[in-house]
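Enquirer: when you get a sec, could you give me coordinates for this:
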Amino acid sequence: MDLTEKSPELFRCQETWSGPPPKFTSATSRLSSLWGMSILTRSLRGDYKEYKSTKTDRWSWIMHAITGREEDATAADGHSTEIIAHDEGEPKEEAMDDEELATRDYSRLRKSMHRDGSIYRGMDHYPWKEDYHIADRGETRLEATTMSDPTPDCLFHKDGYCWTHYPTGMLQFFSLRVVKLPADAPGSVVELYGYVAARDNLDPLLNYVVNISRDDPVIVEKGSLIAMSGPKRGIEMFDHTLIEYDMRIKRGEQENDDLQLLDGATYLSHEGTWNRPFKLDTPGECGAIDISLLRLGTAAEATVDIHIAEVRAKFSLSLGCFTSGVDHEISLFDGSITESRGLKRHVVAVASGSFFDLKFKVGTLSSTPDQYWCSFKQKPHGHDMQEIKTGFTLISVKVTWSTLPNTFTG
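Expert: Down below sits the predicted model:
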């Protein structure tokens, strides 16, 4: 149903306010209704009195909260004004220089070390430890695609936006790259293990982005990308999200012989760079890993399932993706295919009204690979499917769309 048919009075509201756009947070109380309807159930951060007399129409903020269209509202204080989207078709392949990525020293939280056990002590003195259930080492219970099916109370705008299940602030990991190793590393190659995970307000248990066991470490050198196995589901980004990490270099038979590369936890708040990638600078005792991330003000979850069928001969496959028009590739797969199989599922945050693009490179080691693209426009519910036929195989792609739920009780 078109929302204008149900509530035309909504479009006549002229109440306005001034000041910066409100910042959203799950820490404050939620609004149960707006103009008699359940349109925006997230609370507005700050005192409403600050926004009373303005030239900015209140409707603009609602449109911005739902659609993410920056032309409908000025950007929040400390936020980039860009939500970059491109026309349908092949995205630009212009690479972002390192200096284009904003870098900020997000200090490690005090008493957050795993190796000395300090992260598990002082729960009563450090509220973040209780808020994010640090003592609970379980994995997030919330699955991806929980809101992929429309519900009877869905209200759709003419542009396809669902006013009942609206996009939310989300955090996207782009890459983890080894930038420094111990000087005495044999051949500058090491065995790496450990994890990097997010804890958000939706479900504070561990949502692993990387999770490598000591029994099966990965071989890396300076400049190597660390393959991301997660996240399991989209990462909420409203007020604060916690990044927890414990990465080590295997050096002997016993764990006590290993070197600590990263250890601790870091807060990401609503302040800082939005809608553009930024780096989390995480220097460690024996090296460093650059973590590139993206905060999106309004986004939905894209869950990608890929099946390889009708394999005619062994071939190499490199798969990457681009989200929200940002020219920064996320590596999803790089390896050889010898038989029909499914690839690991991936979950990616996609900004409202923008595109999610997949880039396939298919070929052999002795030839220049052929390149194929498929593109999907963000939507709140449902799924899209495309097929790519190559000389080696048939690739089936399914993208399932879902907003994050408002609450999760486990």
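
Enquirer: so the most centrally placed residue in the chain is in which element?
Expert: Of all residues in the chain, the one closest to the mean position by Cα atoms, centre = their mean is Q172, 2.0 Å from it. Assigned by DSSP states H and E, Q172 belongs to strand 168-180.

Enquirer: show me what the mean pLDDT comes to for that strand.
Expert: Average pLDDT, strand 168-180: 94.

Enquirer: what are the buried residues along that strand?
Expert: Using 16 or more other Cβ atoms under 10 Å as the test for burial, strand 168-180 gives T168, G169, M170, L171, Q172, F173, F174, S175, L176, R177, V178. In this view, the C-beta of every residue, glycine as well, is placed from N, C-alpha and C.

Enquirer: for the first one, which non-adjacent residue is closest in space?
Expert: This means T168. Excluding the flanking residues, the one nearest T168 by Cβ to Cβ, 6 or more residues apart in numbering is L404, at 5.1 Å.

Enquirer: unless I'm mixing things up, the one you found is touching M147, no?
Expert: Yes - at 7.2 Å, L404 counts as touching M147 under the criterion of Cβ atoms under 8 Å.

Enquirer: could you tell me how many residues sit around the closest residue to Y126 other than its chain neighbours?
Expert: Counting by Cβ to Cβ, 6+ apart, Y126 lies nearest to K111, which is 6.0 Å off, once chain neighbours are set aside. K111 has 18 neighbouring residues, counting by other Cβ atoms under 10 Å.

Enquirer: got it, and K222?
Expert: Quick note: K222 (other Cβ under 10 Å) scores 15 neighbours.

Enquirer: ok, now D305?
Expert: Residues near D305, counting by other Cβ under 10 Å, number 17.

Enquirer: correct me, but it touches R345?
Expert: Yes - between D305 and R345 there is a contact under Cβ under 8 Å: 5.6 Å.

Enquirer: surely D215 is within a helix?
Expert: No - assigned with DSSP: H, G, I helix; E, B strand; the rest coil, D215 falls outside any helix and is coil.

Enquirer: measure it to Y193 for me?
Expert: Distance of D215 to Y193, given as Cβ to Cβ, to the nearest Å: 8 Å.

Enquirer: more crowded one of the two?
Expert: Neighbour count, other Cβ under 10 Å: between D215 and Y193, Y193 has more, with 21 against 7.

Enquirer: now for the more buried one: which residues touch it?
Expert: Under the criterion of Cβ atoms under 8 Å, 6 or more residues apart in numbering, the neighbours of Y193 are I212, S213, R214, D216, P217, V218, M247, R248, K250.

Enquirer: of the residues you listed, buried ones?
Expert: Buried by 16+ other Cβ under 10 Å: I212, P217, M247, R248, K250, out of the contacts of Y193.

Enquirer: name the nearest of those relative to Y126.
Expert: For the buried ones among the contacts of Y193, the closest approach to Y126 (Cβ to Cβ) belongs to M247, at 22.1 Å.

Enquirer: ok, for that closest one, nearest residue in space, not its chain neighbours?
Expert: Distances taken as Cβ to Cβ, 6+ apart place G194 nearest to M247, at 3.7 Å, with adjacent residues excluded.

Enquirer: what's the most distant pair in the contacts of Y193?
Expert: That would be D216 and M247, which, of those, are the farthest apart (Cβ to Cβ) at 14.6 Å.

Enquirer: and the residue nearest to D370 when sequence neighbours are not counted, what helix or strand is that in?
Expert: Using Cβ to Cβ, 6+ apart and skipping the chain neighbours, the partner closest in space to D370 is V362 (5.4 Å). V362 belongs to strand 355-363 when assigned by DSSP H and E.

Enquirer: following the host helix or strand of Y267, which helix or strand shows up next?
Expert: Secondary structure assignment for Y267, by DSSP H and E: strand 259-269. Next along the chain after strand 259-269, taking DSSP H and E as the criterion, comes strand 277-283.

Enquirer: what stretches of the stretch 1-150 of the chain score poorly on pLDDT?
Expert: Applying pLDDT under 70 to the stretch 1-150 of the chain flags the ranges 1-106.

Enquirer: now with 80, please.
Expert: 1-107 (pLDDT under 80).

Enquirer: and if you look at the stretch 151-300 of the chain?
Expert: 154-164, 166, 183-187, 281-285.

Enquirer: burial of M113, as a residue count?
Expert: Using other Cβ under 10 Å, M113 is surrounded by 17 other residues.

Enquirer: ok, the residue lying closest to it once chain neighbours are set aside to I226 distance?
Expert: Sequence neighbours aside, D263 is the residue nearest to M113 in space, at 5.2 Å (criterion: Cβ to Cβ, 6+ apart). Between D263 and I226 the computed distance is 16 Å (Cβ to Cβ).

Enquirer: re earlier: chain center to the strand holding Y267: distance?
Expert: Centroid displacement of strand 259-269 relative to its chain, using Cα atoms, centre = their mean, to the nearest Å, is 18 Å.

Enquirer: what do you get for stretch 192-208?
Expert: The answer for stretch 192-208 is 12 Å, by Cα atoms, centre = their mean.

Enquirer: coming back round to it: mind listing what the residue nearest to the centre of the chain touches?
Expert: Applying Cβ under 8 Å, 6+ apart to Q172 gives the contacts I235, L293, L294, R295, L296, A299, T323, I330, V348, A349.

Enquirer: beta partners for it?
Expert: Per DSSP bridges, the residues bridged to Q172 are L294.

Enquirer: next, M237: phi, psi?
Expert: Torsion angles at M237 (phi, psi; degrees, to the nearest 10) stand at phi -140, psi 90.

Enquirer: how many neighbours does it have?
Expert: M237 is flanked by 28 other residues according to other Cβ under 10 Å.

Enquirer: what's the answer for V326, then?
Expert: V326 has 24 nearby residues by other Cβ under 10 Å.

Enquirer: flag the shaky bits of the stretch 301-410 of the chain, pLDDT-wise.
Expert: Residues of the stretch 301-410 of the chain that meet the criterion pLDDT under 80 lie in 365, 408-410.

Enquirer: strands of that one, residue ranges please.
Expert: All strands of the stretch 301-410 of the chain, identified by DSSP state E, counting those that start in this stretch, fall at 315-323, 330-337, 341-342, 346-351, 355-363, 370-377, 383-389, 394-402.

Enquirer: lovely, talk soon.
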